[in-house]
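Peer 1: coords please:
(chains A and B)
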Amino acid sequence: MHAEPLSLIFLNAAIVNNFVLALFLGICPFLGVSAKKETAWNMGLATMFVMLVSSAAAYGINWLLTQLGLEFLRLICYIAVIASAVQLVEMFVKKTSPTLFRSLGIFLPLITTNCAILGLALFQTTKEYNFVQSLVYALGAGAGFILALMLMAGLREKLALAKVPSVSQGAAMSLMLAGLLSLAFMGFAGLGGGHG
Amino acid sequence: MSELLNPQEKLTPDTFLRGLWEENPVFVMLLGLCPVLAVTSTTLNALAMGLATTFVLVCSSLLVSLLRHWIPKQVRIASYIVIIATFVTIVDYAIQAISLELYAALGAFIQLIVANCVILGRAEAYASKQRLHTTLVNSLGMGAGFTLALLALGTVREILGNGTILGVSLFSPDFQPWIVMILPPGGFFVLGAWLLLFNWLRESKVRRAAKFTGAPADAR
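Peer 2: Numbering: from 1, shown residues only, chains lettered A, B, ... in the order given. Now for the predicted structure:
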């Protein structure tokens, strides 16, 4: 029934329907932690890990809830799982690298409210992916998130050296840059499967 | 800032107005940008999204404020999220019942209201410390500010990208719409342009004030 090849799922999530630049998911960390490449990379990895864990968990939960006929509890269960996964990552990072923990700051616990992760769980449910497809989808979404974050961080590091009018400093300039990136990513439209 | 106020804020017009302008969740605090960019390709979608978010914001803030003495500090974030998710589920089913067309247009973003940081931010920074009536007024103000921002984006994008407002055609048939404005990049551009405008207004105000007092004009 779902003969969609895994490579297509991956490409679709990572590039064609890039979670950040085409679907507008996870804009807050995208603008918040993209000032330096190193933090962006680490944040991307942490997000990708949470995505994988919550995607696997969401698959199990959805199966269980469908068996019990309790689909209306789906949203609450998903967000609870994501919150616990984030807690796990937070403890892990705090133990292994206190420096990284400090540089990510408030954005680490805020992965919970990163809509890219909840969005991923919801999309894989609507698309009725099986377990392997869900994991590949999560991997692709994570890769896409890292890609967008790294591109943005690279641009912003260059921009820090440029002289811009004082009115356009900060968020306004970042948004314009993001718009240009998004415009570039539109070139990939039509390469892969359907929207969403 | 509301965080710095006394534990029990007095009810003033400012409690409401702050959310509209001074602490506008979108234009000033840059929170909850995902739905702001994603569902504002038409005015109607923007309005529906704004109202849905306001409903969740007000209801969850009220419940958090009501339960503020009973929620243990260690598990507060999880409790807030569950409260928010409950109301979002209600909204999700309500919109599905009211208009299937609207439900399809807003897509996953109705359920993604759960992950809107404006709501969690209000619960954490305001509702968990304040009394019921101030919370009601404050969250209404924040919701109105959020809706206003969505409308600001939605109308501009619909006029430029489609030549219509609320579906009513504005220009003669030979108007060439800027398709890019209703596509994803347009969202970034229009929000960026609004921020530029507000920055410019703020700077010119500072400059005028500086001229008035004779101080050197230093905007920042």
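Peer 1: report the separation between residue B:23 and residue B:146.
Peer 2: 11 Å (Cβ to Cβ, to the nearest Å). Where you see a C-beta, it was placed from the backbone N, CA and C, and this is true even at glycine.
Peer 1: who's more crowded, the two?
Peer 2: More crowded of residue B:23 and residue B:146, by other Cβ atoms under 10 Å in any protein chain shown: residue B:146, with 28 against 18.
Peer 1: correct me, but residue B:130 touches residue B:15?
Peer 2: No: the criterion here is Cβ atoms under 8 Å, and residue B:130 misses it with residue B:15 at 9.2 Å.
Peer 1: now do the shared contacts for the two.
Peer 2: Common neighbours of residue B:130 and residue B:15, counting by Cβ atoms under 8 Å, 6 or more residues apart in numbering or on different chains, are B:9, B:138.
Peer 1: which helix or strand contains the residue most central in space within chain B?
Peer 2: The residue lying closest to the centre of chain B (Cα atoms, centre = their mean) is residue B:146, at 2.0 Å. Using DSSP states H and E, residue B:146 sits in helix B:132-162.
Peer 1: what does residue A:99 give?
Peer 2: Here residue A:99 is assigned to helix A:98-104, by DSSP H and E.
Peer 1: now the lowest-mean-pLDDT helix or strand in chain A - C-alpha only, PDB.
Peer 2: When each helix and strand of chain A is scored by mean pLDDT, DSSP states H and E, helix A:98-104 comes last, with a mean of 80. Extracted in PDB, the C-alpha atoms of helix A:98-104 (Å, rounded to 0.1, in the frame of the first residue of the first chain):
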ATOM      1  CA  PRO A  98      28.600  21.500  30.700                       C
ATOM      2  CA  THR A  99      30.000  24.000  28.200                       C
ATOM      3  CA  LEU A 100      27.600  22.900  25.500                       C
ATOM      4  CA  PHE A 101      24.800  22.900  28.100                       C
ATOM      5  CA  ARG A 102      25.500  26.600  28.900                       C
ATOM      6  CA  SER A 103      25.800  27.700  25.300                       C
ATOM      7  CA  LEU A 104      22.500  26.100  24.300                       C
END
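Peer 1: figure out the helix or strand that residue B:189 lives in.
Peer 2: Using DSSP H and E, residue B:189 falls in helix B:184-213.
Peer 1: what angle separates that helix from helix B:132-162?
Peer 2: Helix B:184-213 and helix B:132-162 are oriented at 120 degrees to each other (axes from the mean of the first three to the mean of the last three Cα atoms, to 10 degrees).
Peer 1: same for helix B:184-213, what does it pack against?
Peer 2: Using 3 or more Cβ pairs under 8 Å, 6 or more residues apart in numbering or on different chains; DSSP states H and E, the elements in contact with helix B:184-213 are helix A:171-185, helix B:33-38, helix B:132-162, helix B:179-182.
Peer 1: point out the most buried one among the ones you listed.
Peer 2: Mean neighbour count (mean count of other Cβ atoms under 10 Å in any protein chain shown) peaks for helix B:33-38 among the helices and strands packed on helix B:184-213, with a mean of 26.
Peer 1: dump the residue contacts of residue A:18.
Peer 2: Residue A:18 neighbours (Cβ under 8 Å, 6+ apart): A:144, A:147-148, A:185, A:188.
Peer 1: my guess is residue A:108 contacts residue A:91. True?
Peer 2: No: between residue A:108 and residue A:91 there is no contact under Cβ under 8 Å: 10.5 Å.
Peer 1: who has more neighbours out of the two?
Peer 2: residue A:108 (23 against 11).
Peer 1: name the nearest residue to the more buried one, sequence neighbours excluded.
Peer 2: Among residues not flanking residue A:108 along the chain, residue A:90 sits closest, at 5.4 Å (Cβ to Cβ, 6 or more residues apart in numbering or on different chains).
Peer 1: again, but for residue A:164
Peer 2: Distances taken as Cβ to Cβ, 6+ apart put residue A:173 closest to residue A:164, at 6.0 Å, once the chain neighbours are dropped.
Peer 1: same deal with residue B:44?
Peer 2: residue B:166 (6.1 Å).
Peer 1: quick one: residues contacting the one you found.
Peer 2: When the contact criterion is Cβ under 8 Å, 6+ apart, the partners of residue B:166 are B:43-44, B:158.
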